[in-house]
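S.K.: Sequence unavailable; structure follows:
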C-alpha cells in the first residue's frame, strides 16, 4: 500500500541535542524517522518501528515509522538532517535554503533498512 502525503521537515529537541555527533546512533535515532498519524499508519497496514520508503521527486530514503496523533491526515514529518535532505527540494530559489515544507511524497512500507549516516552520504559519491 502507498500513502500520498505532504512532507514537512523541521527541527526537534532531540535533533538539536545530538547534532554535534552526526555519525552517532543517537543522531540517527533522532533524525531518521517519519511521523504519521494513526489513520495514515492504518492505511499502510504497519506499526510504529517499521521501515518506510519515502519518495519525492527529489529522491528517496528509508526511515523508521513513528506515530504522532497530532499530525493532520496526509501530513508526514521528518526531522531536519541528512535523511530529510535526501528527499527535500534542493532548489533554493535564490534564498540559500532548500524547500523544507509542502513536498508531495509517496510513502510505503519496505523491507529495506535505514542507512547509517556514512552509508547514506556514500550514495551521493
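M.R.: The structure has been received and is ready for your questions. Fair warning: this is a prediction, and the values are worked out from it, not measured in the lab.

S.K.: Sketch out the strands for this protein, chain order is fine.
M.R.: Listed from the start of the chain, the chain has strands (DSSP state E) covering 3-10, 33-36, 51-56, 59-67, 75-79, 103-109.

S.K.: excluding its backbone neighbours, what's nearest residue 15?
M.R.: By the measure of Cβ to Cβ, 6 or more residues apart in numbering, the closest residue to residue 15 outside its immediate chain neighbours is residue 79, 4.4 Å from it. Where C-beta positions appear, they are placed from N, C-alpha and C, glycine not excepted.

S.K.: what's around the one you found, how many residues?
M.R.: Neighbour count of residue 79, defined by other Cβ atoms under 10 Å: 22.

S.K.: How about residue 89?
M.R.: Residue 89 is flanked by 17 other residues according to other Cβ under 10 Å.

S.K.: Could you pull up the contacting residues of it?
M.R.: With contacts taken as Cβ atoms under 8 Å, 6 or more residues apart in numbering, residue 89 has the following neighbours: 56-58, 98-99, 103.
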